[in-house]
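Enquirer: Sharing a sequence plus its predicted fold:
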Amino acid sequence: MPSVNLQQEISKAASMMNSGRLDAAEATTRRLLKKNPRHVGIIRLLSLICRRANKIAEAAQLIGKAQKISPGDSQVWIDTVQLCKIQGRFPEAVRFAKKATSAAPKSEEAIGLLANAMVWNGQFDDVLEMLQPRIEAKKITLPMFQAIVEAHHHLKNWEETIRIAASLPPESNSKVGRDARRDIGMMHAAALERLKRQPEAVEVIRQMHAGGSVSFEPENAKALNRQIQSIWQAERFESLVESDSSNSEVPVFILGMPRSGTTLLERIIAAHPAAHGVGESQFLGHAVLQAQKLGRAGVSGIEVHSVATVEHDQLEKIRRAALVELASLAGRQERIVSKDLRLTRLLGIAGRCFPKAKVINLTRAPADVAISIWSHAFRADGMGWSTRLDWIATMMAEHERMVEHWRGVLPNPWLDVVYEELAGDPERGIRRVIEFLDLPWDESCLRHQESRGGAIKPTHSEFQVREAVNTRSIGRAAGYPEVAAEFQRHLDAALEGD
């Protein structure tokens with residue numbers, strides 16, 4: 001195949017990937033790789049597609065192949081760093097980022113990535129020292145700027161965080177630029193809050209959410225939830241044929257709103273030597289898509305709920321696929337915890353596949369959760385509802401309705417945990433959780449912040465959960481009385497609606 005045509009094919013596959021057509025992109029790229037098995041660009045693209053499809057093991061295998069073929073290619077090492085971040089391998093991310101800068105010492109992309117990798121790894125002073133010459137020379141790119149702000153933020157240099165964040169110059173409106181600027185705005189607002197300057201923080205948050213397109217239709221979200229509830233009635237869980245797979249208690253499902261403490265609870269459990277956490281892995285939805293051959297159907301779509309009516313043999317395929325993916329992510333553990341935010345809608349699948357798996361429902365003061373969500377820089381293309389208080393109220397009301405539905409129909413053992421009680425008396429609360437999971441007590445669960453290792457996956461709450469359990473965030477909404485009152489009005493209206 002002529003090189004020009006090959007490049008066109010690669011570009012076409014990349015466009016498919018960027019538009020969300022992962023299956024088509026994967027099929028095209030695999031065909032290209034079969035004909036060009038040592039083409040590093042194709043290998044990198046397939047690794048990226050696998051990464052986005054959550055096929056992390058294969059993504060790592062492919063990028064390892066690319067490293068052997070082209071060890072001097074900085075882009076290969078840059079891809080490796082991003083993969084390490086997803087896996088929570090932060091020291092390795094730093095090491096590979098240094099390889100990228102060695103391969104391309106003048107690459108601003110590589111230097112910016114190294115700075116951010118050092119932040120992920122907690123090397124805050126080192127980041128500032130490394131970038132000081134660039135600061136003095138005024139040769140700072142947006143990723144470097146973000147790393148500087150984040151380093152000061154985690155060092156609790158609040159005034160410096162505010163000063164630097166406020167100096168952010170106008171820059172590109174590309175997606176990457178908007179995401180970075182929103183992250184900087186989030187840290188700017190958090191620093192203002194730490195200094196009790198909440199009115200200023202509110203203005204920064206509003207600016208953080210301004211501009212850019214956000215796609216969210218509350219009525220569509222409500223309609224989808226009603227459709228799911230109509231599918232998953234109690235009879236869906238009756239007369240299930242038992243098997244070793246169906247009786248598995250390995251999966252543990254944590255149900256909760258974003259920023260409600262689900263990551264903290266996952267880390268506490270994962271600190272136990274017989275447990276592991278897989279974060280927001282979509283293993284359950286992936287198993288359904290694979291077994292049902294649903295092609296490009298998404299994990300959040302209605303198609304996956306076809307599992308409500310499948311027979312035993314097909315259920316067994318789904319169960320086995322799910323357990324295989326869990327084992328690939330976490331090894332052989334007695335309990336593997338998932339806190340996938342999609343569980344609010346997918347819990348029926350969990351109940352039909354694994355009716356003996358434990359479900360932990362975590363709740364937290366609604367206003368505190370709302371303020372935390374609203375002040376956070378979630379990606380607008382995935383959680384656009386997080387940018388408006390009325391939308392947050394809608395999603396919270398819908399979450400409560402779904403939780404009550406699942407509570408009434410699921411056969412699974414169920415435990416309610418209140419975040420404020422867990423934070424107020426950690427040992428009592430944690431012992432209760434570990435007992436519910438039928439695990440022997442282990443003191444390491446009281447020191448989850450010391451047990452990072454490989455038993456965790458990074459999330460938006462990564463740095464908060466590196467600290468011991470504390471009550472600092474309880475009552476946070478009191479510092480934002482006007483915002484909290486506005487949210488409560490929206491929530492009351494949403495709860496009263498149908």
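Expert: The structure has been received and is ready for your questions. Residues are numbered from 1 along each chain as shown.

Enquirer: Are we agreed that Val359 is in a helix?
Expert: No. Under DSSP: H, G, I helix; E, B strand; the rest coil, Val359 falls outside any helix and is assigned strand.

Enquirer: Surely it touches Phe253?
Expert: Yes. Checked against C-beta atoms under 8 Å, the pair Val359 and Phe253 is within contact range at 4.9 Å. For glycine as for every other residue, the C-beta is placed from the backbone atoms N, C-alpha and C.

Enquirer: what about the nearest residue to Ala468 once chain neighbours are set aside, how many residues close to it?
Expert: Residue nearest to Ala468 in three dimensions, not counting chain neighbours: Gln449, with 5.5 Å by C-beta to C-beta, 6 or more residues apart in numbering. Gln449: 15 surrounding residues under other C-beta atoms under 10 Å.

Enquirer: buried sites along the lowest-mean-pLDDT helix or strand in the chain?
Expert: Least confident helix or strand of the chain, by mean pLDDT, DSSP states H and E, is helix 283-292 with a mean of 83. Judged by neighbour count (16 or more other C-beta atoms under 10 Å), helix 283-292 contains these buried residues: 283-289, 291-292.

Enquirer: Which one of the residues you listed is nearest to Gly382?
Expert: Closest approach between the buried residues of helix 283-292 and Gly382, by C-beta to C-beta: Gly285, at 14.8 Å.

Enquirer: Can you tell me the closest non-neighbouring residue to Val417?
Expert: Nearest to Val417 is Leu362, by C-beta to C-beta, 6+ apart, at 5.0 Å.

Enquirer: what residues does the least confident helix or strand of the chain touch?
Expert: The contact list for helix 283-292, computed with C-beta atoms under 8 Å, 6 or more residues apart in numbering, reads 54, 251, 294-295, 297, 299-300, 303-304, 306-307, 310, 314, 317-319, 321-322, 325-326, 329, 338, 340, 342, 346, 349-350, 353.

Enquirer: Just the buried residues from the residues you listed, in ChimeraX please.
Expert: Command for ChimeraX, covering only those of these found buried under the criterion 16+ other C-beta under 10 Å:
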select :54,251,294,297,299,303,304,307,310,317,318,319,321,322,325,326,329,338,340,342,346,349,350,353
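
Enquirer: Go through the contacts of helix 283-292 and flag which are in helices.
Expert: The helices, defined by DSSP state H, take in 314, 317-319, 321-322, 325-326, 329, 346, 349-350, 353 from these.

Enquirer: Which two of those residues have the greatest separation?
Expert: Gln314 and Leu329, at 23.0 Å, using C-beta to C-beta across the ones in helices among the contacts of helix 283-292.

Enquirer: can you give me the end-to-end distance of stretch 257-276?
Expert: 21 Å (C-alpha to C-alpha, to the nearest Å).

Enquirer: Rounded mean pLDDT for it, please.
Expert: Stretch 257-276 carries an average pLDDT of 94.

Enquirer: what comes up buried for it?
Expert: Neighbour count says stretch 257-276 has 257-272, 275-276 buried, by 16+ other C-beta under 10 Å.

Enquirer: next one: stretch 471-481
Expert: Quick answer for stretch 471-481 (16+ other C-beta under 10 Å): 473, 476-477, 479-480.

Enquirer: Distance from the chain centre to that stretch, please.
Expert: From the chain centre to the centre of stretch 471-481 is a distance of 24 Å (C-alpha atoms, centre = their mean, to the nearest Å).

Enquirer: sorry, back to before: dump the buried residues of helix 283-292 to TSV, plus distance to Ala485.
Expert: Conversion of those to TSV gives the following (distance: C-beta to C-beta, whole Å):
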residue	distance to Ala485
Phe283	40
Leu284	38
Gly285	37
His286	42
Ala287	44
Val288	42
Leu289	43
Ala291	48
Gln292	46
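
Enquirer: Of those residues, which pair is most distant in space?
Expert: Across the buried residues of helix 283-292 (C-beta to C-beta), the longest gap, 14.8 Å, separates Phe283 and Gln292.

Enquirer: so where's the stretch 51-200 of the chain uncertain?
Expert: 170-176 (pLDDT under 70).

Enquirer: which residues of it fall in helices?
Expert: 56-69, 74-87, 90-103, 108-120, 124-137, 142-154, 158-166, 175-194, 198-209 (DSSP state H, counting those that start in this stretch).

Enquirer: Any buried residues in the first one, and which?
Expert: Same thing as helix 56-69. In helix 56-69, counting by 16+ other C-beta under 10 Å, buried: 56, 59-60, 62-63, 65-67.

Enquirer: ok, now the second one?
Expert: Residues of helix 74-87 classed as buried under the neighbour-count rule (16+ other C-beta under 10 Å) are 74-87.

Enquirer: so which of those comes closest to Asp183?
Expert: Lys85 (14.0 Å).

Enquirer: close enough to count as contact, that closest one and Ala93?
Expert: Yes. Assessed by C-beta under 8 Å, Lys85 is found in contact with Ala93 at 5.5 Å.

Enquirer: any common contacting residues for the two?
Expert: 117, 120.

Enquirer: How about the contacts made by the closest residue to Arg182 other than its chain neighbours?
Expert: Ranked by C-beta to C-beta, 6+ apart and with sequence neighbours excluded, the top spatial neighbour of Arg182 is Ala377, at 4.0 Å. By C-beta under 8 Å, 6+ apart, Ala377 lies in contact with 179, 182-183, 185-186, 208.

Enquirer: For my notes, confirm Ala377 occurs in a helix.
Expert: No. Counting by three-state DSSP, Ala377 is not found in a helix; it is coil.

Enquirer: Check the gap between it and Ala478 for me.
Expert: 23 Å (C-beta to C-beta, to the nearest Å).

Enquirer: what's the answer for Pro37, then?
Expert: With C-beta to C-beta as the criterion, Pro37 and Ala478 are 61 Å apart.

Enquirer: Hmm, Phe124 and Ala151 touching each other?
Expert: Yes. Counting by C-beta under 8 Å, Ala151 does reach Phe124; the two are 4.1 Å apart.
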